[in-house]
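# Turn this into a model:
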Amino acid sequence: MAAFFQTLSENQNKLISSFGEHIYLSVFALFLAIIIALPLAIYGRKHPKSANVFLQIASILQTIPSLAVLGLLIPFVGIGNPPAVIALVIYGVLPIYSNAYTALVGIDPSLSEAAEAFGLTPFQKLTRIELPLAKEQILTGIKNAGVMIIGTATLAALIGAGGLGTFILLGIDRNDASLTLIGAVGSALLAIIFSWLITILGRMKGKNIIWTVGALFVLIGAVGGFQKIDGLFKPQTITIAGKLGSEPDILINMYKDLIENKDKKVSVQLKPNFGQTNFLFSALKTGNIDIYPEFTGTVLEDIVPSKNVQSSKLSPSQIYQLAKRKLYQKYQMEYLQPMKYNNSYTLLVKKSFAQKYHLHSINDLQPIQRILNGGFDLEFSNRNDGWLGIKKIYGLNFTFQSLDPSIRYKAINNGNVNIIDGYSTDSQIRQEDLVSLNDNKRVFPTYQGAALMKSSFAKKNPLVVKALNKLANKITVDQMRQMNYEVNVEKKSAALVAKDYLIAHRLLKGDG
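Here you go, the predicted structure:
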């Protein structure tokens, strides 16, 4: 518990900000879900066929995995709040609609007849008889939708919308239970508070509910509006995003320091732990972010696929030039000079296991295939420069499980698997005393990191390009692994580690 409270104290400002982002997202999405679902339920109470169609559509949307919804939305609405809100609304509509519809059609018909006999108009009958009678069940649907939205909103961190999910992602990636617990407990606490508030609302009378809910939504709208207005008076803001993990986090903090040191007129906004390659690249294309660090091998494998790069014997320089040319030709993007280190895939085993079976390279696995039990990242297991290439070129075919990147290291440490994939700069190689097997047939291409941006952005911001090119041919594999170790194991902040490196190598002094 001491570690938990220490982490909580160190991250209190970030936690407050994340709470605000989570509340804003959740309440706004719930409001939209209510104004969509409730009118549909009111209409459907007298049109059963239409009501059934609405119910089927809402049910189908509810079955789509939230991560898939976010991925599908990014090419159309970009990143950040818009796709997150749309996805949350989709999940909030069904419980509100189904509860409201069930409550309204369940009202005793004799009450409606009595209302008509007293001369009430349809609107008066709805507001004075039907809605008050259905209030409890409608509020139950809103409560269920709100709790679901608050829980699902943790995924918003994957696409740069922030919220408490940021702590959960960081905790999983860095194997820090305290960070994960902060995010999980915070989200649960919000859900409990929300349920309590709905219960309080349920005890209020009609006009009081309207005034209270109205005031709440005006407040939320004012907060969002203030954020947009406040942004108009700030200097030019450059948005830099990074993938999940300590290494991208370190790199984007280096980018921030270098840019702000070079050009005092700009402000840099960071979006760390943004997610997979497709999320980031889509965000760059749509202009939601300006820069992110990408690897040459990933460019040629995923973004502008080039056949047989891993077996073409191209030099690192040739691979970079090929990636740079293809990015410009297809997407009009600028790929700056790469750093020195090669963050390639690697196969890892425990040192004791390697010594027992005399393992030095991937070739040495051939005689012991029958005892191998792998744990591979889902992306690695489906890539030609990953498991598919290993199978084909080395003739290996052992069983493996698909594991989250952070969990695979726990799995090999606990003995659940005896071989995993990793990256050459992973801090866990040192932390878990693992051995990296040589890829003597070059299945894994060179993965050198470099800043990626639109060509139009590069032309408008020559000082940014000059600042980031200071990292060209800098940072060795050992240096990057050590920095990852400091963040993941020694629990230093990525911002501090990044700045320490830049200062130590005199990259922040003068114009350079």
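# quick one: the strands in the stretch 251-400 of the chain?
266-271, 292-295, 333-335, 345-350, 373-376, 399-402 (DSSP state E, counting those that start in this stretch).
# Give me the residues contacting the third one.
So the one you mean is strand 333-335. Judged by CB atoms under 8 Å, 6 or more residues apart in numbering, the contacts made with strand 333-335 from elsewhere in the structure are 284, 294, 299, 320, 323-324, 327-328, 450-455, 457-458, 465. The C-beta positions use only the backbone N, C-alpha and C, and glycine is treated the same way.
# same thing but 7 Å
For strand 333-335, the surrounding residues in contact (CB atoms under 7 Å, 6 or more residues apart in numbering) are 323, 324, 327, 450, 452, 453, 454, 455, 458.
# that older thread, out of the strands of the stretch 251-400 of the chain, which one sits most buried?
Among the strands of the stretch 251-400 of the chain, ranked by average contacts under mean count of other CB atoms under 10 Å, first place goes to strand 292-295 (a mean of 26).
# and that strand, average pLDDT?
Mean pLDDT, taken over the full extent of strand 292-295, equals 96.
# Tell me how far that strand lies from the chain's centre.
Strand 292-295 has its C-alpha centroid displaced from the chain centroid by 16 Å (CA atoms, centre = their mean, to the nearest Å).
# other SSEs contacting it?
Contacts defined by 3 or more CB pairs under 7 Å, 6 or more residues apart in numbering; DSSP states H and E place strand 292-295 against helix 246-262, strand 449-454.
# ok, 8 Å please
Of the remaining helices and strands, those touching strand 292-295 by 3 or more CB pairs under 8 Å, 6 or more residues apart in numbering; DSSP states H and E are helix 246-262, helix 277-286, strand 449-454.
# Just the C-alphas of that strand, formatted as PDB.
The C-alpha atoms that make up strand 292-295 are tabulated as PDB, following Å, rounded to 0.1, in the frame of the first residue of the first chain:
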ATOM      1  CA  TYR A 292       5.100  10.600 -34.100                       C
ATOM      2  CA  PRO A 293       8.200   8.300 -34.000                       C
ATOM      3  CA  GLU A 294       8.000   5.400 -36.400                       C
ATOM      4  CA  PHE A 295      10.400   2.600 -37.300                       C
END
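# Give me the sheet partners of that strand and which way each runs.
Partner strands and pairing direction for strand 292-295 (DSSP bridges) are strand 449-454 (antiparallel).
# and stretch 410-421, how far out from the chain's middle?
With CA atoms, centre = their mean as the basis, stretch 410-421 stands 25 Å off its chain's centre.
# Just the strands from the stretch 101-250 of the chain, written as ranges.
In chain order, the stretch 101-250 of the chain shows strands spanning 236-241, with DSSP E, counting those that start in this stretch as the criterion.
# ok, which stretches of it are helices?
Under the criterion DSSP state H, counting those that start in this stretch, the stretch 101-250 of the chain contains helices at 109-117, 122-125, 131-152, 165-173, 177-202, 206-232, 246-262.
# Reformat the ones you listed as JSON lines; add distance to residue 28.
As requested, those are exported to JSON lines (distance: least, CB to CB, whole Å):
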{"stretch": "helix 109-117", "distance to residue 28": "35"}
{"stretch": "helix 122-125", "distance to residue 28": "28"}
{"stretch": "helix 131-152", "distance to residue 28": "10"}
{"stretch": "helix 165-173", "distance to residue 28": "16"}
{"stretch": "helix 177-202", "distance to residue 28": "14"}
{"stretch": "helix 206-232", "distance to residue 28": "6"}
{"stretch": "helix 246-262", "distance to residue 28": "27"}
